[in-house]
Each structure stands twice: as structure tokens, then as C-alpha cells.
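> sequence? don't have it. structure:
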């Protein structure tokens, strides 16, 4: 994989699936965020520190996913994560879910907005955030 | 509320929140789908019957949400559900999440594609589906 | 139902089930805690207030469940909640899960320990807690 | 670790925690079952095969947990899994949750009953199950 993408692997577990026999769509976002947490730790911004310090708040303001093929219990899946866009006070993270044989299962995107302690949007992304995520910026979706 | 929208109420529970003190974004989709399940039962198409019979399969092919204000434990929330679009072999459901005082907390959309048993897209939505959801069609998002 | 038990109803949703077609066992505890949150609100001790004020901390120290019959998507279930035991610094909550026709599906129990801000066990349950839950005390499990 | 225990590692993620800042108690069972699924795959009995074939059905009939210390977002945790008991038609699995520094965070137990396709208890555990789990039998809880 492109070294400028962050890789995250997981297994689809029984509780991820539903009575229709496939992963419940909403659980995809849980796995996407797991990859995002691992990514943030990797780039030196572990969420537990951000939440504890309370200086940099990055709530999600948008999330979306497109589902190409079902994921089933026992599947080993891989997420390729990249930064899709950096704007003045927000950034977008793109996720590509593949099964072990490289088949595309889904894509997803989350948008994170930096806010102040009072909940108002920050004037701009902190330099610490920008510098940490910039190496993973890809203008288009991860391939 | 507009009688042509389907209303669904829920309370934000402790397990919906995370250490940042607000609803974890991914759980919004769980509540959206709860509303969709209640809606489908209301219009005579309970999912448990569709899954058991296996004739009409409607997997989600897209989901998205925009988050305006945090939902917190103890909040009583209301979802207004409407059909946003009916296409040849798919339909879109729009959700508007409000807190008890009418404040908009989030909007969401899910797109459901009718497929055949072999996984290929159906030639068209079944008449049973179309007729059931048509009364809830609103060309734009629920207000 | 015995007026000294607290009743809570819910529907089994698609995300509650797994590929084996029944409710995933771990989700039972989510519903039990939903009932407990509703109960605590009912008796004047909403968890959101306890967590916000931080004076009374009641972490779970034990949880258990016995599963008699599967719950399936679309089932309407009912929980009868009672206080099973009040001890010096802890109390136990008992839950009885029934389907709509009165069939016993599962029983569960959770034990809540009052602790001080530093994490040590409190010398005793606060009078506010004891007084609020006492009317729901049943020495044995809810019938 | 004792080679006759099965080890499983995971990170506590944001969605595992709640507004009280610690892992929601019910999610412990999700992680315990993840470890059980990984264990069953390891011993040649992947659940996806059992569910697909439908010959060996092993629903949970009991689950319990004792919580010693909170798990928080970002914690790396380890589960040591062992078979606690093998009976005529059921077996018990014991789980010990530790943080990275070896501190005990929780213990849990699940009991799995073999049933026939009609839901009645099997006359006995299948030899395939018994032989697969026997090497992991420890009469008492994992240390």
C-alpha cells in the first residue's frame, strides 16, 4: 500500500452482523473511527490526550459511507485511511474498506471541525493538527 | 408535525455517549435505523417479514449524516422520517433529529437498493414497496 | 404487574440481532441498563445529574444474565425491574425480560457500588439513594 | 502467560466508553465474545462455519462479569481465556481482562449449551467440540 496511507486491520465479529447475515451498516462507522483513533495515536495526537486536555476539540460534523459488497462474520477486513481534504478549520478523512483478497467492500468519509471550548468554530485548525495530518493528504479518495 | 412524516422518539442513553460526553456519531445511524424499522412496520412491511421471506431484499447502499448540535445522555430526542426520493430500484429515507425543545441536532439519509436473491440489482422496486412508502414522499428533506 | 416493580418496554431491532438470527447476548445488558436509567429518572435520580454533579458515583461491579429463550428482531419485549438487595454500600437490581405473550426470555442482575471521588468504596449508601430505591425492594427475583 | 490459555489483545476505543469516562460495562461482553470467536477459530471451530453449517449450535445460556478497575479510552487491554468447565452438554469459558501493566481490570464467564436444531438441549457435547477445547481446560479461573 501507498506509504502515505494509514493501514488498519480488523475482523468482522458476530456482534457486527445482524439477522440478515451481514455487517449492520451503522457498525462500519465504528470501525472507521477505530482506524481514525489508531491513526491519531500514530501521528502523535491520541484522542485520549485531546479529550483530557480539552484544548483541541474535533467533533465530527459529517459522516458518510457507500456500501459496495457485504462484510460477513469471520471476514478479515482492512481499512486504508487518508486525509481527503484540509480546510481552514476542518479536515476530512477518507476510508477504503477491503476484504482480504483486495475486494472493495465500502468507502467512508468523516469531517472533523475544530471548535473552541464554548462550542464555536475555531478561527483555524491548530498548527499541531495540520502538521500531523498533512503527510497523509490525498486530494482524492484512497485507491 | 406534518401527518405525512413518520415520528419516532427515543432517549439518549449512557451507552450512546462516549468519554467526550456526547452521543458517539456512529450511534446516530443505529437510532435512524430504529426509526426506519418502526416506519416499515407501520406501512405494513416489517423487516422481520422481509428478511424471513427473503423475496424483497433492501440492503443499504449509502448512509450519511450531518451533525449540528451534540446530543447528551438524558436528552429526549425525536426523529421525523420522510421518503426523500423514489428511483427505479432504490429509495432514500431522510431523518431529522430534534431535541425536545425543537432544536435541530442532526439530519441523516439512507439509501436502500432492492436486489435479487443472487445480489444483482432488481429490475425495479416491487409495487408493494413503492405503494407503501409513496404517501411519505417529500421531494426535499423533512422540515 | 406488581406496582412495586418498574416496567420498561422495548422492541428488538435489527442491530440487536446477529448472523445467528437472535439477539446477541451482550446487547441484553444494554437494554437492562436502559431500563435502569429510566428507573433512576423515575425515582428522582437521573444518571445525567449524578454524573454531572459527581457527588454520587455508582459504578457497576457485577453483572450477570441467564438466557432462557432467544429474542428475535421485531419482538416486543418487556423488562420488569426490581431492587433485589440493598447492602451497606451497594445495591443489586434484578431484571426479568419477557416477550409480549408473557414468556420468560431472560433474567439479569447488576450490582452498583457507591464510591468516593477518589475511587474508594463509600462508607455507606447515601440516604438519597436508599430512600429512592427502597420502595422497589423485593428480596427475591422479580416474578 | 501459561501456554494453555488463549491470549487476545484489544484497545479500548472511544465508542467503548460512556459519558462517565470509562468503558460501559456491557461492552466488556462484546470484547469477551471477540476473544471467544478468535479462540474458536484458533482451535478449528470458527463460528462462521458452525453458523453456516447449522449442525453444532452453541447459544450462550449464562454470562457474568466482575469489574475491578475501570478501563478507559486508549487503554491497551489483554484477555486471557481458558475453559473453566466442561459438562455433559455445555462448557464454560473464563476471561481475565488486564491492562498493559498487568493490573486486573475484570473477570468474566460465559456458558455455552449445545442444542439441537429444534432448540432442545443436545444429549451431549459433540466430540469435535470437546476435543478442541479440552487442552484449554483449567478447573479454576485464569490467573
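Nice, I can see it. Fair warning: this is a prediction, and the values are worked out from it, not measured in the lab.

> which parts of chain A sit against chain C?
By CB under 8 Å from any CB of the partner chain, the part of chain A that sits against chain C consists of A:14-15, A:17-22, A:24, A:26-27, A:72-73. Using the backbone N, CA and C atoms, a C-beta is placed for each residue, glycine as well.

> go again using 6 Å as the cut-off
Counting by CB under 6 Å from any CB of the partner chain, the residues of chain A close to chain C are A:14-15, A:17-19, A:21, A:24, A:73.

> Quick check: the two most widely separated of the residues you listed?
Based on CB to CB, the longest span within the residues of chain A next to chain C runs between A:15 and A:21 and measures 13.6 Å.

> So if I had to pick from those two, which one is more boxed in?
residue A:15 (25 against 16; other CB atoms under 10 Å in any protein chain shown).

> Report the secondary structure state of the more buried one.
At residue A:15 the chain is in helix, as set by DSSP: H, G, I helix; E, B strand; the rest coil.

> residues touching it, list them.
Residue A:15 makes contacts with C:18, C:24, D:30, as judged by CB atoms under 6 Å, 6 or more residues apart in numbering or on different chains.

> if we go to 8 Å?
Each residue near residue A:15 by CB atoms under 8 Å, 6 or more residues apart in numbering or on different chains is listed here: C:18, C:24, C:26-27, D:30, D:33-34.

> ok, and the closest non-adjacent residue to it?
Residue nearest to residue A:15 in three dimensions, not counting chain neighbours: residue C:24, with 4.8 Å by CB to CB, 6 or more residues apart in numbering or on different chains.

> Now do the spatially most central residue of chain A, the pLDDT please.
With distances taken as CA atoms, centre = their mean, residue A:36 lies nearest the centre of chain A, 4.0 Å away. Residue A:36 carries a pLDDT score of 98 in this model.

> May I have the secondary structure class of the residue of chain A most remote from its centre?
The outermost residue of chain A, judged against the average C-alpha position, is residue A:19 (26.4 Å), by CA atoms, centre = their mean. Classification of residue A:19 using three-state DSSP returns coil.

> pretty sure it is touching residue C:23, no?
No: contact criterion CB atoms under 8 Å: residue A:19 and residue C:23 do not qualify, at 9.3 Å.

> any common contacting residues for these two?
Common contacts of residue A:19 and residue C:23 (CB under 8 Å, 6+ apart): C:17, C:72.

> Which helix or strand contains residue A:39?
Using DSSP states H and E, residue A:39 sits within helix A:27-42.

> That helix - contacts with which helices or strands?
Applying 3 or more CB pairs under 8 Å, 6 or more residues apart in numbering or on different chains; DSSP states H and E, one finds that helix A:27-42 contacts strand A:6-11, helix A:47-53, strand A:60-67, strand A:76-86, strand A:90-99, strand A:104-113, strand D:6-11.

> The last one and chain A, are they touching?
Yes: interface with chain A: strand D:6-11 contributes residue D:11 (CB under 8 Å from any CB).

> Against which helices or strands is the helix or strand bottoming out on mean pLDDT in chain A packed?
Every helix and strand of chain A was ranked by mean pLDDT, DSSP states H and E. The lowest is helix A:47-53, at a mean of 91. Counting contacts by 3+ CB pairs under 8 Å, 6+ apart, helix A:47-53 is packed against helix A:27-42.

> Provide the contact partners of the helix it packs on at residue level.
Applying CB under 8 Å, 6+ apart, the contact partners of helix A:27-42 are A:6, A:8, A:10, A:16, A:46-47, A:50, A:63, A:65, A:67, A:71, A:77, A:79, A:81, A:93, A:95, A:97, A:106, A:108, A:110, A:136, B:24-26, B:29, C:15, D:11, D:13-15, D:74.

> Stretch A:111-129 vs chain D: in contact?
No: judged by CB under 8 Å from any CB, stretch A:111-129 stays clear of chain D, getting no closer than 12.7 Å.

> If we go by neighbour counts, what in that stretch is buried?
Within stretch A:111-129, the residues that count as buried by 16 or more other CB atoms under 10 Å in any protein chain shown are A:111-115, A:122, A:125, A:129.

> Looking at the residues you listed, spot the one nearest chain D.
The shortest approach to chain D among those belongs to residue A:112, at 12.7 Å (CB to the nearest CB).

> what's the nearest residue to that closest one if we skip its chain neighbours?
That would be residue A:58: by CB to CB, 6+ apart, it lies 4.4 Å from residue A:112.

> before we move on, the earlier item: and the contacts of residue A:15, which is closest to chain B?
residue C:27 (9.8 Å).

> on that earlier part again, could you report the neighbour count for the residue nearest to residue A:15?
24.

> Run through the residues that contact it.
Taking CB under 8 Å, 6+ apart as the criterion, residue C:24 is in contact with A:14-15, C:16-18, D:33.

> Could you rerun that using 10 Å?
Going by CB atoms under 10 Å, 6 or more residues apart in numbering or on different chains, residue C:24 touches A:13-18, C:15-18, C:30, C:71, D:29-30, D:33, D:60.

> Angles on the backbone of residue A:136, please.
With angles defined as degrees, to the nearest 10, residue A:136 sits at phi -100, psi 10.

> Verify the stated contact: it with residue A:5.
Yes: contact status for residue A:136 versus residue A:5: in contact at 6.9 Å, counting by CB atoms under 10 Å.

> Now do the helix or strand residue A:129 falls within: which elements does it pack against?
Using DSSP H and E, the element containing residue A:129 is helix A:127-133. Counting contacts by 3 or more CB pairs under 10 Å, 6 or more residues apart in numbering or on different chains; DSSP states H and E, helix A:127-133 is packed against helix A:27-42, strand A:76-86, strand A:90-99.

> still on that earlier bit, give me phi/psi at the residue nearest to residue A:15?
In this entry, residue C:24 is assigned phi and psi values of phi -60, psi 130 (degrees, to the nearest 10).

> What pLDDT is listed against it?
Confidence score, pLDDT, at residue C:24: 97.

> Any figure for the gap between it and residue A:17?
Distance of residue C:24 to residue A:17, given as CB to CB, to the nearest Å: 9 Å.

> Residues that sit against both of those two, list them.
C:15, C:17-18.

> for those, which one is nearest residue D:102?
Nearest to residue D:102 among the shared contacts of residue C:24 and residue A:17: residue C:18, at 32.5 Å, using CB to CB.

> Run a quick neighbour tally on that closest one.
Neighbours around residue C:18, by other CB under 10 Å: 25.

> Tell me if I'm right that residue A:135 and residue A:2 touch.
No: contact criterion CB under 10 Å: residue A:135 and residue A:2 do not qualify, at 11.5 Å.

> With adjacent residues omitted, what lies nearest to residue A:137?
residue A:83 (4.5 Å).

> Distance check, that neighbour against residue A:107.
Counting by CB to CB, the gap from residue A:83 to residue A:107 is 15 Å.

> Compare those two (neighbour count), which wins?
residue A:83 (23 against 19).

> So what sits opposite that one in the bridge?
Listed by DSSP bridges, the beta-bridge partners for residue A:83 are residue A:93, residue A:137.
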